[in-house]
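> Here's a sequence, model it:
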Amino acid sequence: MSTFDWISRATRLLRRAVADRKGVAAIEFAFIAPLLLTMYFVTMEIAPAIDANKKVGRSASMIADLVTQQQTISKSEVEAIMSIGEATLNPYNRSQLKVVITAITVTDEETPKVLVAWSRKMVNGAFSQDAAKDTVTTVPAALKVKGSFLIRVETSLDYRPIITWTASQKSTTGLLAAFDNINMKETYYLRPRMSNSIDCPTC
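Numbering: from 1, shown residues only. This is a model prediction of the structure:
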């Protein structure tokens, strides 16, 4: 069958489908269905994503609050507090919360330095030291007060939607990788409540 015959046959079938109400409905559904499915899946993802983002901020606030209530703290206590912070994400469990706690000293000098007193982090459920003691760091200008002590808590989560796609499926459907891994993060600074500083000898 020649190309012209194929085109003629396809044209006749299309005219027949347009003339038939059922055919018109099928064509309309074929156009609308992908849009409706996309709207459904996007709507289904919005609420859990917003909830997870709020929990990332809430965990940073809670961890900072618990640490700053201590006069002195141990490495095991710091790690337990980070684990509690991660538990606030439940029931989300498709990726793990990253937490970095940094105790910061602002020196009492004419030109104050911002130095790390101690730090711990939790990445993929494993605990380790983050920045080394006396490492220079930064704080917002409003918090750079001579002789002050701060606890900084940073939380971040690579949010993975309920519906995920493999690399081959992404290339086939044209979906952007950005929607498969959304980075959510929060940073909190708090001052000690019970003392001028919080020492962690074992950190």
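
> which stretches of the protein form strands?
Here the chain has its strands, by DSSP state E, at 98-106, 114-123, 126-128, 149-159, 182-190.

> Mind giving me the packing neighbours of the last one?
The elements that strand 182-190 packs onto, with contact taken as 3 or more C-beta pairs under 8 Å, 6 or more residues apart in numbering; DSSP states H and E, are helix 21-68, strand 149-159. Every residue, glycine included, has its C-beta placed from N, CA and C.

> so can I have a markdown table of the strands of the chain showing mean pLDDT?
Formatted as a markdown table, the strands of the chain follow (pLDDT from 0 to 100):
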| stretch | mean pLDDT |
| --- | --- |
| strand 98-106 | 97 |
| strand 114-123 | 97 |
| strand 126-128 | 96 |
| strand 149-159 | 96 |
| strand 182-190 | 94 |
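
> what's the closest of the ones you listed to N196?
Smallest distance to N196 across the strands of the chain (C-beta to C-beta): 6.2 Å, for strand 149-159.

> Give me the buried positions along the closest one.
F149, L150, I151, R152, V153, E154, T155, S156, L157, Y159 (16 or more other C-beta atoms under 10 Å).

> How about stretch 102-109?
Neighbour counts over stretch 102-109 (16+ other C-beta under 10 Å) mark T102, A103, I104, T105, V106 as buried.

> what's near enough to touch the second one?
Taking C-beta atoms under 8 Å, 6 or more residues apart in numbering, we find A103 in contact with V116, A117, W118, S119, F149, L150, I151, R152, S197, I198, C200, C203.

> give me that answer again for 7 Å
A117, W118, S119, I151, I198, C200 (C-beta atoms under 7 Å, 6 or more residues apart in numbering).

> Would you tell me which one of the residues you listed comes nearest to I50?
Nearest to I50 among the contacts of A103 is I151, at 27.2 Å by C-beta to C-beta.

> In contact with V99, which residues?
If you count contacts by C-beta under 7 Å, 6+ apart, V99 has them with I63, M82, G85, K121, M122, V153, T155.

> which secondary element of this protein has the worst mean pLDDT?
When the helices and strands of the chain are scored by mean pLDDT, DSSP states H and E, helix 167-173 comes last with a mean of 48.

> rewinding a little: for the contacts of V99, which one is nearest K54?
Distance to K54, by C-beta to C-beta, is smallest for T155 among these, at 11.7 Å.
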